[in-house]
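K.L.:
starting from these lines, generate the structure:
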Amino acid sequence: GATGPDETGKEEIIQTGFKRRPIRDGGGKPSPGRRAPPKRALTALAAVGTAIMNACPSAAHDIMASLARQDTDMLFKAAMMDTIRQLMCKGSWEIAKGQRFYLDLMTHTARKANNIDSEYPQELKGLPDALCGLRWLHEHGQEPWWLPPEHTPHAIGASGPEGIWDAEEWVLLKADVTKAYRRVKISRKGWEYQIAIIKGKLAALMLRMLCYMFPSMDWAFVYVDDFAFFIQRRWANSLAWALLAALAALGCPLFWEKIIMGLVNTWLGFQIQTTLPAAAVGHLKHKVMVSLLIGIADGKLHSHDQIAGGLGCLPWATNAFPVVKPFLQPFWSWKTAVKRAGKPSSLLRMIARVILLLIISVITSTLPFCPTSLTHGATDAGADDTTAIVGGWFS
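P.N.:
Coordinates of the predicted model:
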C-alpha cells in the first residue's frame, strides 16, 4: 500500500544498479511516505497539521532563534503542548503511570487516517525520562544556519504547490530520541528481539502520522531512534518547529542537544548535502577508513586486530558506495588467513587503491523529481583459463 486502503501497491520504485525495490515503510505498512510528494493523497490529518502550523505563529521564530543562540532550555511550553494535542484529537489526554507516550492520543489520532496500526499503541507501556537542552549545527567551521522569518513564506493549506518540486531546495532536519531502548517495558526473556520489534513499529507509526499531518514535508526517515526530515527550504522554519512540536506533544522524548537542521548535515555517520544532493562518509570515519586503505595499498604489516577493525568500517561505508561491496570478499579471506599479523597481497593492495578512489569521491545524484535520461546501459565480464572478456551495451 501507499497512502490508504484505496491505493494499494502504488509505491515508488528505487533503482540501485540493476536492483529495483519499492520504498518501504518502517513496519512494511501503508504510508504516504512511500510515494513522491505530488502523488500523495490527503487524509483528515492534513487539516490537523495545517492547524498546528497556524496555532502558534510566533513559536517558529522564537524556537529557531533559540536554536541559533544555542540555548539549552526547551521552548515547548505545557500550554502549547496541550493546544497541539487538542488539535490532533479533542479529549482529556494524560500519561498513565509508567508510560512516556500519549498512547491513547496516538490511537485516536491514527484512526482519523484509517491507519492499519492505530490500535498498536494500546499494547505499549513507556518509561519517563528527563529532557535535555538544545544545540545547533556547529561543524567544519560553519555558522549555525536558519532562515529569518521575514524571508520565509508560510505554508498555506494542507500541501505544497504542485509542479515545482524539481526547482526546490531542501534542508535536512535531524532529531534524536533519549535512550530509545528504555522507552518500552518488556520482559527480560528475549528483550533484544522484542525491543527491535516494538521500537521499530512505534517509530514507524509516529513517522506515518507526521506524513499524514504534514503533506508539505517531502521525505521522512527513521533508523532506530534517529529521525531525518527533508523539508523545502522556503518553509523550513515553520514546518521544522511543527514537526518537533508534534513529536513532543505525542510524548516522544526528543534529545534536544542533537537536534540539527542545515543544508549540510550528518545522519547515521553520513554527511548529506541537500543542495547537490550528495552523500559521503562522515568526516571522522572517513579519516579512519582513508588511513586504513592507504596502509593496505602501501603493503604495510597489519595485525589481526587491525584487519578485524578495518572490516568493521568498510562494510558500513558500502551503504554510501554500493559498488564497493563485491571487493570486500578478499579482505575477509585475508582476515581468516592471518592469525597474528600479515602483509596484504598484491590483489588486496590493488583493491584498496580502487576503494580509496571511490571513498574520497562525493556521490551525487539527480534531484528526486528531475526527468531522468532515456539512455540505458550495462556492462559485464567473463573469463576462463586462457581468456578474459569485458563487454557492454547502451541504448
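K.L.:
now do the strands in the stretch 151-300 of the chain.
P.N.:
170-176, 219-223, 226-232, 260-262, 264-267, 270-273, 278-281 (DSSP state E, counting those that start in this stretch).
K.L.:
okay, Gln271: pLDDT?
P.N.:
Confidence at Gln271, expressed as pLDDT, is 79.
K.L.:
show me what it bridges to in the sheet.
P.N.:
Thr266, Ala280 (DSSP bridges).
K.L.:
residues near it, how many?
P.N.:
Neighbour count for Gln271, taken as other CB atoms under 10 Å: 20. The C-beta positions use only the backbone N, C-alpha and C, and glycine is treated the same way.
K.L.:
wait, isn't it in contact with Lys285?
P.N.:
No: counting by CB atoms under 8 Å, Gln271 does not reach Lys285; the two are 9.7 Å apart.
K.L.:
circling back to that earlier point, can you put the strands of the stretch 151-300 of the chain in JSON lines and add distance to Tyr102?
P.N.:
Shown next, in JSON lines, are the strands of the stretch 151-300 of the chain (distance: least, CB to CB, whole Å):
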{"stretch": "strand 170-176", "distance to Tyr102": "18"}
{"stretch": "strand 219-223", "distance to Tyr102": "19"}
{"stretch": "strand 226-232", "distance to Tyr102": "18"}
{"stretch": "strand 260-262", "distance to Tyr102": "25"}
{"stretch": "strand 264-267", "distance to Tyr102": "27"}
{"stretch": "strand 270-273", "distance to Tyr102": "31"}
{"stretch": "strand 278-281", "distance to Tyr102": "35"}
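K.L.:
which among these is found nearest to Ala78?
P.N.:
Smallest distance to Ala78 across the strands of the stretch 151-300 of the chain (CB to CB): 20.3 Å, for strand 170-176.
K.L.:
contacts for that closest one, please.
P.N.:
145, 218, 225-233, 236, 240, 243-244, 247, 254-255, 258-263, 265-267, 272, 274, 277 (CB atoms under 8 Å, 6 or more residues apart in numbering).
K.L.:
so what's the closest residue to Gly49 other than its chain neighbours up against?
P.N.:
Leaving aside its chain neighbours, Gly49 sits nearest to Met213 (3.5 Å; criterion: CB to CB, 6 or more residues apart in numbering). Met213 makes contact with 45-46, 48-49, 52, 88, 246 under the criterion CB under 8 Å, 6+ apart.
K.L.:
and of the residues you listed, the nearest to Ile360?
P.N.:
Nearest member of the contacts of Met213 to Ile360, counting by CB to CB, is Ala246, at 39.9 Å.
K.L.:
OK, contacts around Asn54?
P.N.:
With CB under 8 Å, 6+ apart, Asn54 has no contacts at all.
K.L.:
ignore the last one, Ala249
P.N.:
81, 84-85, 88, 102, 105.
K.L.:
spatially nearest residue to it, not counting backbone neighbours?
P.N.:
Ile84 (4.1 Å).
K.L.:
what sits against the one you found?
P.N.:
Taking CB under 8 Å, 6+ apart, one finds 52, 55, 245-246, 249 in contact with Ile84.
K.L.:
what do you get for Thr379?
P.N.:
Thr379 is in contact with 390-392, counting by CB under 8 Å, 6+ apart.
K.L.:
buried subset of the contacts of strand 170-176?
P.N.:
Neighbour-count burial within these applies to 145, 218, 225-232, 236, 240, 243-244, 247, 254-255, 258-263, 265-267, 272, 274, 277; the criterion is 16 or more other CB atoms under 10 Å.
K.L.:
pretty sure Ala60 is touching Trp241, no?
P.N.:
Yes: taking contacts as CB under 8 Å, Ala60 lies within contact range of Trp241: 4.6 Å.
K.L.:
so the closest residue in space to Ser66 that isn't next to it in sequence: helix, strand or coil?
P.N.:
Nearest non-adjacent residue to Ser66, counting by CB to CB, 6+ apart: Leu75, 5.5 Å away. Three-state call for Leu75 (DSSP: H, G, I helix; E, B strand; the rest coil): coil.
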